[in-house]
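Asks: what's the 3D shape of this:
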Amino acid sequence: MIDSRQLNLFVALAEDLHFARSADRLGIAPSVLSQQIKRLESDLGVRLLNRNKRAAITLTDAGNLFLVEAKVALRQIERADRIGRLAARGEAGHVALGYIGSAVATGLLPDTLKVFRVASPDVRMHILAMETPTQLERLADGAIDVGFMRPRAHYPDGVTAKVVQSEPLLIALPADSSLARVKAVKASQLRGMSFIAPQFNEAAGFAEDLARLGRVGGFDAQPEYRVNDFITAVSMASAGYGVALVPQSIREFAQPGVVFKPVSDFKDQVELAVAYRVREHSPCVRVFIETAMSYGGVAKRQGTYRTTR
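Replies: This is a model prediction of the structure:
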């Protein structure tokens, strides 16, 4: 089996067509170079050089064909070596990322991607929008490597998360609502209103936030409309179907006909977390996680968002 050293020796000789010059350039004795070329020819079972004491060395037809392939092989070996070293440093590879919409609006997603791309341009990103419960399932089964999600009190075995941002909760109201004209609403003023809320088939997350809002206002806050995401909830609020308790960042996706108001006696905040598998062996995934942890609070839209550690 030929190796890269033999290929390098042959390519150098094929370029110089002179044993002494090539040997000097390679830092070896001419006799060693000659022996290596003869061994290569023996391994291949073909003569690569025309040797003539009274004439310059020339390549045989087989030698010319082999030279082309040898150069291609050396380039591939060099590339494999470079990619292997990049991968070892986490600068090459593949990262599958899940995210929720708020990760876009708060800057967590775009800022992390920008910093990571500059540092690791050879890493291929596969990015999928998905809600928190789905992200947890996909992390557990290995379909994604990292998730930008709402934190939970409990995670699947082998999965953990760290909070990197938090933001206030607001009430999305139809623009023609009587509460649209006030600076801030009180929780009790929301009694009797129809609530629109994302339903993720779990009691955690915004279901808990909505329940606490109701307790502050002295009523049972049960969703009348259950939707798949906050964008849909805001759209329905703008159309007059009810009101929605939403993260402040959702204002970035607001449509005409809806206004957002703080609740003066309800100061709960929601958090964004970076979730990942505890035993992650991929260097590039580990580097991406570290980047997200470091730059989770980089984008503070008009001073609104703060980083939590």
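Asks: How many residues are close by Leu139?
Replies: Here the number of neighbours of Leu139 (other CB atoms under 10 Å) works out to 25. (Each C-beta comes from the backbone N, C-alpha and C, glycine too.)
Asks: The stretch 151-300 of the chain: helices as residue ranges?
Replies: Here the stretch 151-300 of the chain has its helices, by DSSP state H, counting those that start in this stretch, at 206-217, 230-238, 283-295.
Asks: Select, out of those helices, the one closest to Ala254.
Replies: Closest of the helices of the stretch 151-300 of the chain to Ala254 is helix 230-238, at 6.3 Å (criterion: CB to CB).
Asks: Grab the nearest non-local neighbour of Asn50.
Replies: Leaving aside its chain neighbours, Asn50 sits nearest to Thr58 (4.5 Å; criterion: CB to CB, 6 or more residues apart in numbering).
Asks: Surely that neighbour and Asn64 touch.
Replies: No. Taking contacts as CB atoms under 8 Å, Thr58 lies outside contact range of Asn64: 9.4 Å.
Asks: before we move on, the earlier item: which ones are touching the residue nearest to Asn50?
Replies: 17, 49-50 (CB atoms under 8 Å, 6 or more residues apart in numbering).
Asks: out of those residues, which are inside strands?
Replies: Among the contacts of Thr58, the ones falling in strands (DSSP state E) are 49-50.
Asks: Let me have the contacts of Thr58 in CSV, adding neighbour count and pLDDT as columns.
Replies: Shown next, in CSV, are the contacts of Thr58 (neighbours: other CB atoms under 10 Å; pLDDT from 0 to 100):
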residue, neighbour count, pLDDT
Leu17, 14, 86
Leu49, 21, 90
Asn50, 13, 87
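Asks: Using TSV, lay out the contacts of Thr58 together with distance to Val285.
Replies: As requested, the contacts of Thr58 are exported to TSV (distance: CB to CB, whole Å):
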residue	distance to Val285
Leu17	49
Leu49	49
Asn50	54
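Asks: quick check, nearest of the contacts of Thr58 to Ser34?
Replies: Relative to Ser34, the closest of the contacts of Thr58 is Leu49; by CB to CB it sits at 9.8 Å.
Asks: quick one, helices of the stretch 1-150 of the chain?
Replies: Remark: helices assigned in the stretch 1-150 of the chain by DSSP H, counting those that start in this stretch are 4-16, 19-26, 30-44, 61-88, 101-105, 108-119, 132-141.
Asks: so where's this structure uncertain?
Replies: Scanning the chain for pLDDT under 70 picks out the ranges 54-55, 83-84, 86-92, 200-205, 296-309.
Asks: center of it, which residue is that?
Replies: Nearest residue to the geometric centre of the chain (CA atoms, centre = their mean): Leu97, 4.6 Å.
Asks: how near is that one to Val164?
Replies: Leu97 is 14 Å from Val164, where distance means CB to CB, to the nearest Å.
Asks: ditto for Ser42
Replies: Ser42 sits 62 Å away from Val164 when distances are taken as CB to CB.
Asks: Have a look at the two and say which one is more surrounded.
Replies: Each of Ser42 and Val164 has its neighbours counted (other CB under 10 Å); Val164 has more, 25 against 10.
Asks: show me what contacts the closest residue to Pro30 other than its chain neighbours?
Replies: The shortest distance from Pro30 to any non-neighbouring residue, by CB to CB, 6+ apart, is to Ala23 (4.2 Å). Contact analysis of Ala23 by CB under 8 Å, 6+ apart lists 29-30, 32-33.
Asks: go again using 7 Å as the cut-off
Replies: If you count contacts by CB atoms under 7 Å, 6 or more residues apart in numbering, Ala23 has them with 29-30, 33.
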